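**Q** no sequence on this one, just coordinates:
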């Protein structure tokens, strides 16, 4: 950004207006701030990478003069959506094996396919494909757990997105590390490299309790704490996992992890389907975040996470898509908001369970809290990063409009996103992703499809 001259500043001051880089206006600005303000005919003023003001269009135009502006009179301006659990490069395995249980899917299809195909370049192109899809549907920040996470970070920065990216640590030979000790060494280098990055938050990601030894889990926590990094882990995703650990150790997975000190630091636990009151208390007391993945839990028949109870206790529960191969075949957070609300309603028999406004909060400010990033992202407020999306309200499926939260969750789609900005940089304009070469990425995806098919046993 070019510095503003002193003379221009004096002129602007004389007009009673402050300089800004962007003014963004919309039919609604859905702030998701502490008072949940929805500003009709609203606007944002942005300077550099941050929001400097939100308000009505009239007030922002009076107080700020911008070099650039975007007026969307038939759009809602929202905080960028936050996907709290993904395996981004698995986009290249999309649809490889469906309609089966998690353990069968992992052991018979995914683990063998990964062993034969996953490389640094696989992760680069898979992440590009994932970022293309996420940006086009309004996701600005995502949490990831996979291999070659340094390459995933490079591709994420190339796309302009935010990422909380965790290098997977697992108790058997992986594509980028033959042993857990190798994975821990790799992770430490990754943590150092991205320690002060504007977009990437490096993390430590031991896969799960059942795929790692106690010693590896403790070493993962110690490494995360040494670098003040978050730790990402799967928790109580399936009944089989829960029952096996209860039978073997006489405690729930949450209690076992707590006994190992795994929650003694910033932690994001994915799924938490088979948890109960004693587990929730531990998670609450340890300030853990939860990634709720409704599509994945439904598709794999893993169960219905007790989201209402966790939210009632004040646990920060965000939304995640999980990986787009078997457990979920896309990265669409609009779909996850819709399913999260409906799943709680049908499972509790209460149509008032998880109302639309709360579902939007899970995709924005609660997701930010789950990641420990609520001071930077998740709502449209002065001082926070300029991460926002514009969602078109002109389609037939958006008319008439009585309640904007209802529309976001139950009527609007990811394809209605027209603009996306992250950190003050426009990444999507008029439904076109500006930072990624769509044609080249899709061509590469088809090439990988042929390689993967030829690698599988007949």
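**A** Structure received. Predicted model only: the values in this text are computed from it and were never measured. Numbering: from 1, shown residues only.
**Q** low-confidence ranges in the stretch 351-458 of the chain?
**A** 458 (pLDDT under 70).
**Q** quick one: the helices in it?
**A** For the stretch 351-458 of the chain, the helices defined by DSSP state H, counting those that start in this stretch cover 356-363, 365-370, 404-410, 438-455.
**Q** Would you mind listing the buried residues in the longest one?
**A** Right, helix 438-455. 441, 444-445, 448, 452 (16 or more other Cβ atoms under 10 Å). C-beta coordinates here come from the backbone N, C-alpha and C atoms, glycine included.
**Q** Then the second one?
**A** The neighbour-count check on helix 365-370 (16+ other Cβ under 10 Å) flags 365-370 as buried.
**Q** Which strands and helices lie in contact with that helix?
**A** For helix 365-370, the elements it packs on are strand 81-86, strand 289-292, strand 317-319, judged by 3 or more Cβ pairs under 8 Å, 6 or more residues apart in numbering; DSSP states H and E.
**Q** quick one, which of the helices of the stretch 351-458 of the chain is nearest to residue 87?
**A** helix 438-455 (15.4 Å; Cβ to Cβ).
**Q** Show me what the closest one is packed up against.
**A** Helix 438-455 is packed against helix 111-117, helix 120-136, with contacts defined by 3+ Cβ pairs under 8 Å, 6+ apart.
**Q** what's the average pLDDT for stretch 110-117?
**A** On average, the pLDDT along stretch 110-117 is 86.
**Q** got it, and stretch 216-229?
**A** Rounded mean pLDDT across stretch 216-229 is 98.
**Q** what residues does that stretch touch?
**A** The contact list for stretch 216-229, computed with Cβ atoms under 8 Å, 6 or more residues apart in numbering, reads 169, 171, 180, 184, 187-188, 191-192, 195, 201-204, 206, 209, 212, 230-231, 257, 260-262, 264-266.
**Q** Go through the helices and strands packed on helix 438-455 and pick out the most buried.
**A** Across the helices and strands packed on helix 438-455, averaging neighbours per residue (mean count of other Cβ atoms under 10 Å) puts helix 120-136 on top, at a mean of 24.
**Q** tell me the angle of that one relative to helix 438-455?
**A** 130 degrees (axes from the mean of the first three to the mean of the last three Cα atoms, to 10 degrees).
**Q** starting at the chain centroid, how far to helix 120-136?
**A** Mean C-alpha position of helix 120-136 versus that of the full chain (Cα atoms, centre = their mean, to the nearest Å) differs by 14 Å.
**Q** Against which helices or strands is it packed?
**A** Counting contacts by 3+ Cβ pairs under 8 Å, 6+ apart, helix 120-136 is packed against helix 149-159, strand 425-429, strand 432-433, helix 438-455.
**Q** by how many degrees do that helix and strand 425-429 diverge?
**A** Using the same axes, to 10 degrees, helix 120-136 lies at 80 degrees relative to strand 425-429.
**Q** Now do the following helix or strand past helix 120-136: distance to the chain's middle.
**A** Per DSSP states H and E, the first helix or strand lying C-terminal to helix 120-136 is strand 139-146. Put simply, strand 139-146 sits 4 Å off its chain's centre (Cα atoms, centre = their mean).
**Q** tilt between strand 139-146 and strand 81-86?
**A** Using the same axes, to 10 degrees, strand 139-146 lies at 10 degrees relative to strand 81-86.
**Q** Residue 79 - nearest residue in space that isn't next to it in sequence?
**A** Excluding the flanking residues, the one nearest residue 79 by Cβ to Cβ, 6 or more residues apart in numbering is residue 364, at 4.4 Å.
**Q** now that neighbour: how far from residue 216?
**A** Going from residue 364 to residue 216 by Cβ to Cβ, to the nearest Å gives 34 Å.
**Q** higher neighbour count, the two?
**A** residue 364 (30 against 20; other Cβ atoms under 10 Å).
**Q** after the host helix or strand of residue 41 comes which helix or strand?
**A** Under the criterion of DSSP H and E, residue 41 resides in strand 38-47. Following strand 38-47 in sequence order, the next helix or strand is strand 50-56 (DSSP H and E).
**Q** neighbouring contacts of the helix or strand following that following strand?
**A** As assigned by DSSP H and E, the chain's next helix or strand after strand 50-56 is helix 57-63. Residues outside helix 57-63 that contact it (Cβ under 8 Å, 6+ apart): 16-18, 23, 25, 41-45, 53-55.
**Q** hang on, the residue nearest to residue 79 packs against residue 32?
**A** Yes. If you go by Cβ atoms under 8 Å, residue 364 and residue 32 touch, sitting 4.7 Å apart.
**Q** How far off centre is stretch 313-327?
**A** Distance of stretch 313-327 from its chain centroid, counting by Cα atoms, centre = their mean, is 8 Å.
**Q** Phi, psi for residue 191 please.
**A** Torsion angles at residue 191 (phi, psi; degrees, to the nearest 10) stand at phi -60, psi -40.
**Q** And it, how far from residue 95?
**A** 34 Å.
**Q** Please apply the same query to residue 408.
**A** From residue 408 to residue 95 the distance is 28 Å (Cβ to Cβ).
**Q** which one of these two has more residues nearby?
**A** residue 408 (24 against 10).
**Q** can you pull the contacts of the nearest residue to the more buried one once chain neighbours are set aside?
**A** Leaving aside its chain neighbours, residue 408 sits nearest to residue 360 (5.5 Å; criterion: Cβ to Cβ, 6+ apart). The contact partners of residue 360, by Cβ under 8 Å, 6+ apart, come to 30, 32, 78, 337, 405, 408-409.
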